[in-house]
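J.: sequence and computational prediction follow.
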Amino acid sequence: MLGAVFIGIYILTSLLMRLVILPIIIPKPTFDSTLVNTASELNKNLPMVIDSETSLDSITALPNRTMRYNLTLINMASEDYNVEEVIALINEPLRNRIKTIPEAEFFRKNGVSLSYYYFDMNNKYFFEIKIPAGEY
């Protein structure tokens, strides 16, 4: 009978550890940490030239469910172009593409905002296009 009590106490202690104590000591990963891992995996294949004008250099997971794509416009020097005109050329096609590609479905379903951070050919910051969750 003493053995049965010992086994009962052992089982109860194990359950208590798994259900109460461990979740306090070892918190569940946040969704932002999932994005950090996703960015890390994707970065293994970067940089990558994605068209004749653009290189995808890296992806950064930011707080508050945001992914930032760091891109270079490989044939443009920022001082040679009007930034507003370049944004106008890129913004709508970018938003339309994000709305339709299957690869963005995970981000859409999980409320992830997207940020496209552009640099010019001299690695100088050029502009940013933000697409909040729910807009794509």
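T.: Perfect, thanks for sending it.
J.: any idea what sits nearest Phe120, other than its immediate chain neighbours?
T.: Not quite, residue 120 is Asp, not Phe. In space, not counting the residues next to it along the chain, Asp120 is nearest to Ser78; the distance is 4.1 Å by C-beta to C-beta, 6 or more residues apart in numbering. For the C-beta atoms, the positions are set from N, CA and C on the backbone; glycine is no exception.
J.: pretty sure the one you found contacts Phe126?
T.: Yes: using C-beta atoms under 8 Å, Ser78 is in contact with Phe126, at 4.6 Å.
J.: next SSE downstream of the lengthiest helix in the chain?
T.: Longest helix of the chain, by residue count under DSSP state H: helix 83-100. As assigned by DSSP states H and E, the chain's next helix or strand after helix 83-100 is helix 105-109.
J.: quick one on the thing from earlier: check contacts around the residue nearest to Asp120.
T.: By C-beta atoms under 8 Å, 6 or more residues apart in numbering, Ser78 lies in contact with 120, 122, 124-126.
J.: could these be laid out in a markdown table, adding neighbour count and pLDDT?
T.: Shown next, in a markdown table, are those (neighbours: other C-beta atoms under 10 Å; pLDDT from 0 to 100):
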| residue | neighbour count | pLDDT |
| --- | --- | --- |
| Asp120 | 21 | 98 |
| Asn122 | 11 | 98 |
| Lys124 | 11 | 98 |
| Tyr125 | 10 | 98 |
| Phe126 | 22 | 98 |
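J.: helix, strand, or coil at the most centrally placed residue in the chain?
T.: In the chain, the centroid-proximal residue (C-alpha atoms, centre = their mean) is Met67; its distance is 3.2 Å. At Met67 the chain is in strand, as set by DSSP: H, G, I helix; E, B strand; the rest coil.
J.: what residues are up against it?
T.: Residues near Met67 by C-beta under 8 Å, 6+ apart: 35, 38-39, 59-61, 107, 112-115.
J.: just the strands in this protein please.
T.: Remark: strands assigned in the chain by DSSP state E are 48-49, 54-62, 66-73, 113-119, 125-131.
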